[in-house]
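[1] Fold the following and give me the result.
(one chain, ligands or ions: 4)
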Amino acid sequence: MAGKDITREDALSRLDHKHACHILLYADSRAKLFGKIPIKHIVLMQMRFDGLLGFPGGLVKPSEESLEAGLCRELQEELGVAVPVTIDHYVSSHLAQSPPHLILHFYCKKITEAELLEIERAAVSNAVDHGLEVMGLTRVPLYTLRNGGGLPWFLSHSFISNSRAQLLEALRRLDLVSPQTLEEAVQKAEEMRCTVKTEPQ
Ligand SMILES: O=c1[nH]cnc2c1ncn2[C@@H]1O[C@H](COP(=O)(O)OP(=O)(O)O)[C@@H](O)[C@H]1O
Ligand SMILES: [Mn+2]
Ligand SMILES: [Mn+2]
Ligand SMILES: [Mn+2]
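    Ligands and ions are numbered 1, 2, ... in the order given. As a prediction, this is how the structure comes out:
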């Protein structure tokens with residue numbers, strides 16, 4: 001996704017732009033897939049109404065609410081829980097290339113596995129957007145199976161805006177996946193995306 005990272009101050013000076021805030025919520029986990037593959041961390045994303053993967057969050061009007069208050073409001077709408085978000089969870093602001101005049105603010109917050117489970121439960125029962133703007137929450141598989149399943153296949157799906165780049169950057173920065181595993185998964189996903197395209201129409 002083209003565009004460029006800008007500072008929070010620069011972003012907030014552009015009141016003629018649209019602003020959106022999204023967050024990566026994650027937790028440590030001791031769970032093991034099939035009783036043997038360590039999950040290590042749980043990362044939450046959502047399947048959106050448009051069939052694209054993205055993070056919880058949405059449009060915020062800085063002239064009416066702070067970025068964090070707006071994100072908190074969006075999380076209430078999309079997760080059914082007002083996850084407390086502060087500037088401590090702010091990560092970056094990205095001036096999108098297209099559509100024009102859209103700035104994408106990104107946040108990351110570590111929560112406990114119990115809190116994450118509570119969010120998954122609340123999202124179905126309390127979120128006003130559940131089944132509408134938000135088709136459902138999903139966890140991101142951070143492991144790679146011998147057949148390429150897991151993270152590579154997840155990364156071969158379609159993502160909204162720069163959310164795939166936000167995910168990769170966060171996995172790197174938070175050290176949720178080893179650099180080698182991440183590089184290999186990105187590589188495998190590229191191969192998969194190419195093969196899918198060459199299937200007979
Ligand atoms: O997870 C994301 N990361 C980065 N940008 C996103 C993400 N989800 C949506 N966007 C971009 O931000 C815009 C507004 O986000 P969203 O669709 O969540 O608004 P809403 O929840 O207020 O309806 C979208 O049109 C899209 O361009
Ligand atoms: Mn909204
Ligand atoms: Mn929303
Ligand atoms: Mn949204």
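[2] closest point of the protein to ligand 1, which residue?
    As assessed by C-beta to the nearest ligand atom, ligand 1 sits closest to Gly58 within the chain, at 2.4 Å. Backbone N, C-alpha and C define where each C-beta goes, glycine included.
[3] Which residues are in contact with that residue?
    20-22, 70, 74, 77-78 (C-beta atoms under 8 Å, 6 or more residues apart in numbering).
[4] what do you get for Ala122?
    Counted by C-beta under 8 Å, 6+ apart, Ala122 has contacts 79-81.
[5] try it again with 6 Å
    Contacts of Ala122 were listed using C-beta atoms under 6 Å, 6 or more residues apart in numbering, and they are 80-81.
[6] Can I get the helix or strand bottoming out on mean pLDDT in the chain in PDB, CA atoms only?
    When the helices and strands of the chain are scored by mean pLDDT, DSSP states H and E, helix 179-198 comes last with a mean of 84. The C-alpha coordinates for helix 179-198 follow below in PDB (Å, rounded to 0.1, in the frame of the first residue of the first chain):
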ATOM      1  CA  PRO A 179      11.800 -12.700  11.700                       C
ATOM      2  CA  GLN A 180      12.500 -15.900   9.800                       C
ATOM      3  CA  THR A 181       9.000 -17.300  10.200                       C
ATOM      4  CA  LEU A 182       7.600 -14.000   9.200                       C
ATOM      5  CA  GLU A 183       9.800 -13.700   6.100                       C
ATOM      6  CA  GLU A 184       9.000 -17.200   5.000                       C
ATOM      7  CA  ALA A 185       5.300 -16.700   5.600                       C
ATOM      8  CA  VAL A 186       5.200 -13.600   3.500                       C
ATOM      9  CA  GLN A 187       7.200 -15.400   0.700                       C
ATOM     10  CA  LYS A 188       4.800 -18.400   0.800                       C
ATOM     11  CA  ALA A 189       1.800 -16.100   0.700                       C
ATOM     12  CA  GLU A 190       3.200 -14.300  -2.400                       C
ATOM     13  CA  GLU A 191       3.600 -17.700  -4.100                       C
ATOM     14  CA  MET A 192       0.000 -18.600  -3.100                       C
ATOM     15  CA  ARG A 193      -1.400 -15.300  -4.300                       C
ATOM     16  CA  CYS A 194       0.300 -15.900  -7.700                       C
ATOM     17  CA  THR A 195      -0.900 -19.500  -8.100                       C
ATOM     18  CA  VAL A 196      -4.500 -18.500  -7.200                       C
ATOM     19  CA  LYS A 197      -4.400 -15.900  -9.900                       C
ATOM     20  CA  THR A 198      -3.300 -18.400 -12.600                       C
END
